[in-house]
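Student: 3D, please:
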Amino acid sequence: MRTKCIQGGHRAGMVAGMRGLVVSGVGVLLAAVLVGCSSGADGEPATKLPPTHSSDPTTTAPSTTASPTPRPTPKPTPSKPAKPTLPAVAKQDTAAGAAAAAAYWIHTFSYAFETGDVRPMTAASTSRCIACANYSAGIRAELRQGWKYESSSVKVQNQRTRNFRMRDATIRFDLITAHVRMYSPKRHKTQLGSSPERKIVDVSVVWSSDQWRADSIDLGQ
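Tutor: Modelled structure (predicted):
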């Protein structure tokens, strides 16, 4: 996957690896407020002060009322991603349980790239899930090098069960990938993933140790 490197306000370089990740971008829209003034006829101000007819100069006493000291507006604190919670239905050996477990895995996957915490995703995967292990190993490797993950979240548009058999099911997700963002406090450098895109992802789950777990991931198209 292509990534852009931003350092000191300038873009440079490419970041290798992370190819095939279910990650991309979510845009943020900023709105500007324009304040205008109305005018009267011939370009004159709409509001005029009445003329002063007094012939004697008037001395105005200075105001003794102190102007209020403006207070700085506090900056909003960014909210931390909520840690995924395994739904109770994912522990039921049913089609609904399989679908809930697959959706939960997508949540843990997104959470791993939002925070760098791969433990929920690892717990929701079997030891046979090669893609799951690769995602986890890649994130941990970046953390050891001093990078922090601050990615946006994956947006699921739709999901449906493709097939369900006893203790084996495949759930298809139509989703918008997240925007991978890594920041290195030591290097003062940011690395960004590619732009947001729509993807079809198949999550195959199996019944294992009294709950459904992800056994393979197919990125599809």
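Student: what about the helices in this structure?
Tutor: Along the chain, counting by DSSP state H, helices occupy 95-115, 119-123, 130-144.
Student: Any idea which of those gets closest to Val203?
Tutor: Closest approach to Val203 among the helices of the chain is made by helix 95-115 (4.2 Å; Cβ to Cβ). C-beta coordinates here come from the backbone N, C-alpha and C atoms, glycine included.
Student: hmm, back to that, okay, the helices of the chain, which one's buried deepest?
Tutor: helix 95-115 (a mean of 23; mean count of other Cβ atoms under 10 Å).
Student: and Ile217, how many neighbours does it have?
Tutor: Ile217 is flanked by 23 other residues according to other Cβ atoms under 10 Å.
Student: And for it, nearest residue in space, chain neighbours not counted?
Tutor: Ala131 (4.0 Å; Cβ to Cβ, 6 or more residues apart in numbering).
Student: Ala103 contacts Ala169, doesn't it?
Tutor: No - applying Cβ atoms under 8 Å, one finds Ala103 not in contact with Ala169, separated by 12.0 Å.
Student: if I read this right, Ala178 contacts Val156, doesn't it?
Tutor: No - at 11.0 Å, Ala178 does not count as touching Val156 under the criterion of Cβ under 8 Å.
Student: between these two, which one's more packed in?
Tutor: A count of neighbours by other Cβ under 10 Å puts Ala178 above the other of Ala178 and Val156, at 23 against 15.
Student: Okay, and the beta partners of that one?
Tutor: Val23 (DSSP bridges).
Student: Report the separation between it and Ala90.
Tutor: 22 Å (Cβ to Cβ, to the nearest Å).
Student: And for Arg144?
Tutor: Arg144 is 31 Å from Ala90, by Cβ to Cβ.
Student: Also Asn134?
Tutor: 23 Å.
Student: for Glu150, same thing?
Tutor: With Cβ to Cβ as the criterion, Glu150 and Ala90 are 28 Å apart.
Student: ok, those two, which is more surrounded?
Tutor: The neighbour comparison of Glu150 against Ala90 (other Cβ under 10 Å) goes to Ala90, with 22 against 17.
Student: Surely the more buried one touches Thr108?
Tutor: No - judged on Cβ under 8 Å, Ala90 makes no contact with Thr108 at a distance of 11.4 Å.
Student: Could you give the number of residues near the nearest residue to Tyr111 once chain neighbours are set aside?
Tutor: Closest residue in space to Tyr111, ignoring its immediate chain neighbours: Pro84 at 5.4 Å, by Cβ to Cβ, 6+ apart. Using other Cβ under 10 Å, Pro84 has 21 neighbouring residues.
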